[in-house]
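Q: turn this into a model:
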Amino acid sequence: MREMAEEGYNKYSKNNLPFVLPNILTGPELILPPSQLSWLLSQPTSLLDQNEVNREFLQADYTMLHPKVIRDMVHAEVIRQEMTKDLGDYLDAVWEEVNYALEKNWGGRVSNRVLVGRELCRNEKYLYHSRKFARNVVITAGLINLLPKWLQPILARLVTYFDIKHYLACSKYILPIVQQRLASPSSTFKESNDYVTWAISHSLTHADPQERTPEMISRRLSVLSFAAIQSSSITLTNLLFDIVYSPSVPTFSILETLRTQILQCLSTPTTPSSYPTTIDAKYEPDEKKIEGRFTSQKLKAMTKLDAILKESMRLNGFVIRGVMKMVMPSLGLSPPFLPPGTLIPKGTKVGVTAWAIHRDRDRYPAIAQQCKSAPITIPTTTTTTTPPSAEEVANPRKDQRNTVDFDPFRFEKLGHGLESLVRTSEDFLAFSHGRHACPGRFFAAQQMKLVLAHIALFYEMRAGEGPRPQNRGFVGSVAPPMGE
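A: Alright, predicted model coming up:
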């Protein structure tokens, strides 16, 4: 599907023409040229609905535990009004969990620290079932999409059996917490700065009493865990592959460049010693060492982290589509760029493809020369710089970067603040674009930048041999080569 998307884009979209992209799971998609993206984004949801595309792709009525979870926008409201607003408040907790997770087992811990708090995010049984649920959703949805429409309601219960099993295991831990906080005075439960508290606070303002039930809050939490765990884990795994197999800048040089800027932004001669360096340590803020702590402003200033993450997501995003919406009117839709009288039938998916746009040589031209960072002396810390091997010295990476080559700091060289990871545009669609761009991208960016900062400060990485292993496509999704 990736090859067809790129072929159609070069043949039709580059000539300002739409084309039809086959999709064996959810039906054909009408791919518009990028020149029509503004029109696409300006349409009201009564005509073109992006949420309906997500609902169908994920078979959300079956996989998301309750039809309301994806049909309404409660989870997005909680993310925008509570999670994003409080990003700076739990930055220390996220850094502590990054340290713990990378010394023990990475998967799902960091996201869950913010969603369920310190105690539960370190409960191995809860984490196991949370990860399993998150990992199964897309696969289960794909299986349901392969069934004939009339069979889906009948067989979906069977197909989602293991998903429900993992959710029920998670709910044994979540439901008592929700019930306890619902029974407590609001001033008491608000002391816990996590998703459970935010969801309860939001539910108290919601007209639907079902939103205030422990069961609904628990279901929404599991679905949000799926979104947070899958997206960040896939992105960071791809990034590590990209760094190790960088075709232009040596791996040791990438880490050295990142480490230099991180230490400069932290404004301290050593790595932040006020943070724990063992998995059992408990973070205690030390005001005397405040200059060595991560803050929202310092993290924002670490633009090289944004740039390298953005470049990895450009080339190896986990979905092919950029913006995709579904035609909603029963009589269809007649857009102005098609011949008069031409109707796009109801239920048709209409959008643009991020995969091809991100590989457009006119949007991302080859860069002739990588800016070399000046040699530096790394302070004495737990981190040491891996020197180049004899082979790397004898055969330096090529200086010419093609559009499809990973160039770690490409976005920084583009300038104008374009390297900011959360900034979407018509050229960068990894988080979609417009008013329906991923509402959790600010949390995801903070989390991923802290993970990458920790890796750059405390770990070494050796360059891989040969070309980067290819990602694997699953219809509209793309997964890193975990088995290689």
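Q: let's see stretch 165-174 as PDB, backbone CA atoms only.
A: C-alpha atoms of stretch 165-174 as PDB (Å, rounded to 0.1, in the frame of the first residue of the first chain):
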ATOM      1  CA  LYS A 165      -9.900 -10.500  28.800                       C
ATOM      2  CA  HIS A 166      -6.900  -8.100  29.100                       C
ATOM      3  CA  TYR A 167      -9.200  -5.100  29.800                       C
ATOM      4  CA  LEU A 168     -11.000  -7.000  32.600                       C
ATOM      5  CA  ALA A 169      -7.700  -7.800  34.100                       C
ATOM      6  CA  CYS A 170      -6.700  -4.100  34.000                       C
ATOM      7  CA  SER A 171     -10.100  -3.000  35.400                       C
ATOM      8  CA  LYS A 172      -9.500  -5.100  38.600                       C
ATOM      9  CA  TYR A 173      -6.800  -2.500  39.400                       C
ATOM     10  CA  ILE A 174      -8.500   0.600  38.000                       C
END
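Q: hey, where'd the helices end up in the stretch 51-200 of the chain?
A: Ranges of helices in the stretch 51-200 of the chain, per DSSP state H, counting those that start in this stretch, are 60-63, 67-71, 74-78, 91-103, 109-116, 118-121, 124-146, 152-159, 161-183, 186-189, 195-203.
Q: for residue 267, which of those helices is the nearest?
A: Evaluated with Cβ to Cβ, the helices of the stretch 51-200 of the chain place helix 91-103 nearest to residue 267, the distance being 16.2 Å. From N, CA and C alone the C-beta is placed, and that goes for glycine too.
Q: so which bits of that closest one are buried?
A: By 16 or more other Cβ atoms under 10 Å, the buried positions in helix 91-103 come out as 91, 92, 93, 94, 95, 96, 97, 98, 99, 100, 101, 102.
Q: wait, which of the residues you listed is closest to residue 48?
A: Closest to residue 48 out of the buried residues of helix 91-103 is residue 94 (35.9 Å), distances taken as Cβ to Cβ.
Q: OK, contacts around the residue lying closest to that closest one once chain neighbours are set aside?
A: Spatial nearest neighbour of residue 94, chain neighbours left out: residue 450 (5.7 Å); criterion: Cβ to Cβ, 6 or more residues apart in numbering. When contacts are counted by Cβ atoms under 8 Å, 6 or more residues apart in numbering, residue 450 touches 91, 94, 95, 98, 110, 294, 299.
Q: with only the CA atoms kept, save the helix or strand hosting residue 450 in CSV.
A: Assessed by DSSP states H and E, residue 450 sits inside helix 441-458. Only the C-alpha atoms of helix 441-458 are listed here, as CSV (Å, rounded to 0.1, in the frame of the first residue of the first chain):
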residue,chain,number,x,y,z
ARG,A,441,0.9,15.2,20.7
PHE,A,442,2.1,17.7,23.4
PHE,A,443,2.3,14.9,26.0
ALA,A,444,3.8,12.5,23.5
ALA,A,445,6.5,15.0,22.5
GLN,A,446,7.4,15.7,26.2
GLN,A,447,7.6,12.0,26.9
MET,A,448,9.6,11.1,23.8
LYS,A,449,12.1,14.0,24.3
LEU,A,450,12.7,13.0,27.9
VAL,A,451,13.3,9.4,26.8
LEU,A,452,15.7,10.4,24.1
ALA,A,453,17.5,12.9,26.4
HIS,A,454,18.0,10.1,28.9
ILE,A,455,19.4,7.8,26.3
ALA,A,456,21.8,10.5,25.0
LEU,A,457,23.0,11.3,28.5
PHE,A,458,23.4,7.8,29.9
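Q: now the next helix or strand after it: buried residues?
A: Counting by DSSP H and E, the next helix or strand C-terminal to helix 441-458 is strand 472-474. For strand 472-474, the buried set under the neighbour-count rule, 16+ other Cβ under 10 Å, is empty.
Q: relative to strand 472-474, what are the paired strands and their orientations?
A: Within its sheet, strand 472-474 is paired with strand 477-479 (antiparallel), according to DSSP bridges.
Q: contacts for the strand it pairs with, please.
A: Identification of contacts with strand 477-479 by Cβ under 8 Å, 6+ apart yields 2, 138, 234, 316, 317, 318, 319, 320, 355, 471, 472, 473.
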